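Undergrad: Need a 3D model of the sequence below.
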Amino acid sequence: MSSLFNLGKSGRVRLVMESALTARDRVGVQDFVLLENYNSEAAFIENLRRRFRENLIYTYIGSVLVSVNPYKELEIYSKPQMERYRGVSFYEISPHIYAVSDNTYRAMRTERKDQCILISGESGAGKTEASKKILLYYAVTCPTNDHMAALGDRLLQSNPVLEAFGNAKTLRNDNSSRFGKYMDVQFDFRGAPVGGHILNYLLEKSRVVHQNHGERNFHIFYQLLDGGEDDLLITLDLERNPQKYQYLVKGNCPRLSSVSDKNNWKVVMKALPVIGFTEEEVQKLLNIIASVLHLGNTQFGEGEEGETYITTETQIHHLSKLMGVDGSALGEALTHKKLTAKGEEMISPLSFEQALSARDALAKAVYGRTFTWLVEKINQSLALKVHSKGSSVIGLLDIYGFEVLQHNSFEQFCINYCNEKLQQLFIELTLRSEQEEYETEGIAWETVQYFDNKIICDLIEEKHKGIISILDEECLRPGETCDVSFLEKLEDALGGHPHFVTHKLANGKTRRVMSREEFRLLHYAGEVNYNVNGFLDKNNDSLNRNLKEVMCQSDNQILQHCFRREEVIDQKRPEMAATQFKNSLMKLMEILMSKEPSYVRCIKPNDAKQPGRFDEVLVRHQVKYLGLMENLRVRRAGFAYRRRFEAFLQRYKPLCPETWPNWHGRLSDGVSTLVSHLGYKPEEYKLGRSKIFIRFPKTLFTTEDALEAKKPEIVIVIQSGWRGMKARRRAKRRRQAAELIRRFIKGFIYRHEEYCPENEYFLDHVRYSFLKNLRQNLPKSVLDKNWPTPPPLVAEASEHLRRMHMRNMTLKYCRRVQPEWKKQMMQKVEASKIFKDQKDSYPQSVGRLFLDSRLEREQINLKVVQTLGNDKVQYGVSVIKYDRRGFKPRPRQLLLTNTFAVLVDRTKIKQRMDYSAMRGISVSSLSDGVFVVHMPSEDNKQKGDVVLHCSHVIELVTKLAMMANKVSYVNISPGSIRFAVARGKEGIIDFVRGSELKVAKGKRGHLLVVSQSLLPAW
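TA: Numbers count the residues shown, from 1 in each chain. Presented below is the predicted three-dimensional model:
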């Protein structure tokens, strides 16, 4: 039914999005802008719950996709599903991650403007899975060749590698990304992926040395211990038990039921070569991973005078080997620090606590810098090899969502600052997009009231006044500094700010829930308390200079790249961690502002990772943190629903007699006629240049309900029309069949007449039938002589076709013949010309191959070869020569060259027979192997005729006749052969059949040859 389905250009039937509105009481609405009570958070969450209950995990807020993690596999990601969304208008089909992917891709192709997809949400909400689905969609649906397929494979294989080194098990998620990732995928002018680039943000390095209870370190450590081969672990001086390593025991969670570290290790090891890692690089990388574990097991002791020393020299030995550094220098650097005062260097011993901090700082620095190197290496693999004109980019931002934990520290501060900036960008771009659409359609823009979080961003990042500036200042201030002094500085500088509170500045009620070491920020998403303990250390993120010097001298190429010598020489202090993050975030904002954004907001329905469970309190928090209600209010500030004229008219035209079944005028006039008939009030809608804008969802729902009520009537009209059309088709087919039979009968009657209108159809049918039958029964090989019997009408044409087909098959066969086989066949053809139906032994020779020679090279005496000189032996065979007088048998070798043949007795050439002088070759018609080579007797050099016997007479005579070009000189005698004995004298060979082969001197001085009747000699 045309009201239910819309037939796309490709001919596929697609269920349009509005069809589900009739089931809205059960499954909710597919777009939150259609919520009647759009200001109600409860209505928003109830809509999410209804859809989640029906496994409908995707819902739109305009062009924003909200995704709820189902914690189970859903059958909605297959290749047919990808094809279903390919090339389909965004609102034409139910919400899906593929719809966002395809819409972004098509916008990039048609508008030639870079795009980006921003994926955000809490840990465990499904951000990483969403980015994988998007990459997979592009890998499967985009045009490709072998090079691009390899690039797509590298893009996909980079995911398990980055997850191994950058993801970890947290309390909320077994595979939590502990870094932010922005990936650019580059496409050429045809829309094929040709390159990629990854930017990483704020790796949680503190996890390397410390994990909360129930959490784990980064996956790669456990994968190495569980999946690494025994020989590898021995090389790395590691044991399989994770409990043996201090950096892996703090979370008390060495194993995961939901994850197989061994299988994931295999995936990572398989992926690394695909991305472009050499075996040496993989080994160096694993050496570094192992060295981090050994660093954690490096223990210190404290002497009587307070000096610190290393108690685990074995670990230093392991570190020296794996890192490629001097062991004694490393031990010295872990227990002492180098200071520079007034141009002089001094070595100062570290306290026990300082040594532990230096060890942990080195572990974090080594792992963090190695992770950066890993991303750079992946980028080299994904880089665009040849610059492509007209290339475009789709960016994927998979970044941590707003975090509120029980204990919030420096990492949560940076994460939430990032989300404040993204929210600021999100609202700005959403408003800009809305405003541009209104202007394009010629509709007046209405001012939208929303919370501008610029005040919070300024609170954090403002120069000289913001929290980051104060933090940097406190880190650089000479003298004793600590986290508490930093908090005091914040209170002095920001005391009157409406979005900043501390225990000292708070009222009595707030003080009861705040620690004295905390400050509170009132973010756009809610209040968060941050504990200042560790802020200065984490912001400093510095490594003792002497540790840097040791690492710069490493033999490990990866560490050489990570720790540059210039870093030690350069006296300039590097930027603090928070400032580095702020600067990289500013660059990210510039990147995103230069692109057209799409958004995916991920929500986790419960903390237990259970399918089907919907925790309303948890979901409400995320709805608030993600700013979804704010986004909905911005989207609904004007009009709730908008569609292009053609889509609106196509769906609702049955509701107006003037537009049903088809409207032939301008689309805008058709829509205007339709809404007038439906009784829309002026304040309920506006007509733009190409779209209709409907302000209230209720208006749309009323229209949809009217369509639902109209469907039975439409069905009756369609059914009657369909039945009438079928009846007309049947009647037309019957008329055509009767006319066909009449023409056929008339043609049969006139079939013997000349071609005329009365018989043309019949004769054409006869020709067509024969050709169709011939096509299905053509001979398949040159030996197949079958050919369909043609009717007299086409007999001449059939014969021409038969010859053409045979010639074509022969030509194809000859082209396929190899040179060696061609030579064999030529010899066989000549043998057939000479011996077929002439000699009894010929039929047995047909199926046997002629050999290049019957003598091995070693069987021909070297002296004979030297005597022949440049005349190479082309064929050799053992023969028996019979003397012309007395017929005494003598074993000989007959060697054929290109110009003559020779009879050889061991080392001597007994007779030379020039081909030019040869008069002929005689053989009998029986199955014996005797033949005579006729040579002139008057020439003393040639010595006259030669009587020979050979077991391969057919082969030998054929080759000799072809080489001598004497094929026509071969004589086959049925009874006897005469040969010259001397001048004027003749000898005779008589041939008879007998029970066994026999060659002997017979009566009257003749040579008698008795041949077996069925001798298989040849």
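Undergrad: and the closest residue to Pro143 other than its chain neighbours, what are its phi and psi?
TA: Closest residue to Pro143 apart from its sequence neighbours, by C-beta to C-beta, 6 or more residues apart in numbering: Ala192 at 4.6 Å. All C-beta atoms are positioned from the backbone trio N, CA, C, and that covers glycine. Main-chain dihedrals, Ala192, degrees, to the nearest 10: phi -90, psi 140.
Undergrad: Model confidence score at Ala192, please.
TA: We have a pLDDT of 84 for Ala192.
Undergrad: I figured it hits Thr144, correct?
TA: Yes. Between Ala192 and Thr144 there is a contact under C-beta atoms under 8 Å: 5.9 Å.
Undergrad: Those two: who's more crowded?
TA: Set Ala192 next to Thr144 and count neighbours by other C-beta atoms under 10 Å: Ala192 wins out with 20 against 17.
Undergrad: From the centroid of this structure, which residue is nearest?
TA: Centroid-nearest residue in the chain, with C-alpha atoms, centre = their mean: Asp153, separated by 3.3 Å.
Undergrad: contacting residues around it?
TA: Ala139, Val274 (C-beta atoms under 8 Å, 6 or more residues apart in numbering).
Undergrad: how about whatever helix or strand it lives in: buried residues?
TA: Applying DSSP states H and E as the criterion places Asp153 in helix 146-166. Within helix 146-166, the residues scored as buried using 16 or more other C-beta atoms under 10 Å are 148, 151-152, 154-166.
Undergrad: Kindly report the same for stretch 400-414.
TA: Those would be Tyr400, Gly401, Phe402, Glu403, Val404, Asn408, Ser409, Phe410, Glu411, Gln412, Phe413, Cys414, for stretch 400-414 by 16+ other C-beta under 10 Å.
Undergrad: just stretch 348-367 next, same as before
TA: Going by neighbour count (16+ other C-beta under 10 Å), the buried part of stretch 348-367 is 350, 352, 354-356, 358-367.
Undergrad: Which other helices and strands does whatever helix or strand comes next after the helix holding Asp153 contact?
TA: Next helix or strand after helix 146-166 toward the C-terminus (DSSP H and E): strand 167-168. Contacts defined by 3 or more C-beta pairs under 8 Å, 6 or more residues apart in numbering; DSSP states H and E place strand 167-168 against strand 176-177.
Undergrad: The strand it packs on pairs with which strands, and in what direction?
TA: strand 167-168 (antiparallel) (DSSP bridges).
Undergrad: which other residues reach the partner strand?
TA: By C-beta under 8 Å, 6+ apart, the residues outside strand 167-168 that reach it are 128, 175-178, 204, 207, 211, 215-219.
Undergrad: Report the distance from that strand to the chain centre.
TA: 24 Å (C-alpha atoms, centre = their mean, to the nearest Å).
Undergrad: contacting residues for Ile468?
TA: By C-beta under 8 Å, 6+ apart, the contact list for Ile468 reads Ile460, Glu461, Ala578, Thr579, Lys582.
Undergrad: swap the cut-off to 6 Å and go again
TA: Neighbour list for Ile468: Glu461, Ala578, Lys582 [criterion: C-beta atoms under 6 Å, 6 or more residues apart in numbering].
Undergrad: list the contacts for the first one?
TA: So that's Glu461. Glu461 is in contact with Ile468, Lys582, counting by C-beta under 6 Å, 6+ apart.
Undergrad: ok, it to Lys181 distance?
TA: 22 Å (C-beta to C-beta, to the nearest Å).
Undergrad: And the second one, by the same measure?
TA: With the distance defined as C-beta to C-beta, Ala578 ends up 20 Å from Lys181.
Undergrad: Give me the more crowded residue out of those two.
TA: With neighbours defined as other C-beta under 10 Å, Ala578 and Lys181 compare such that Ala578 has more, 26 against 22.
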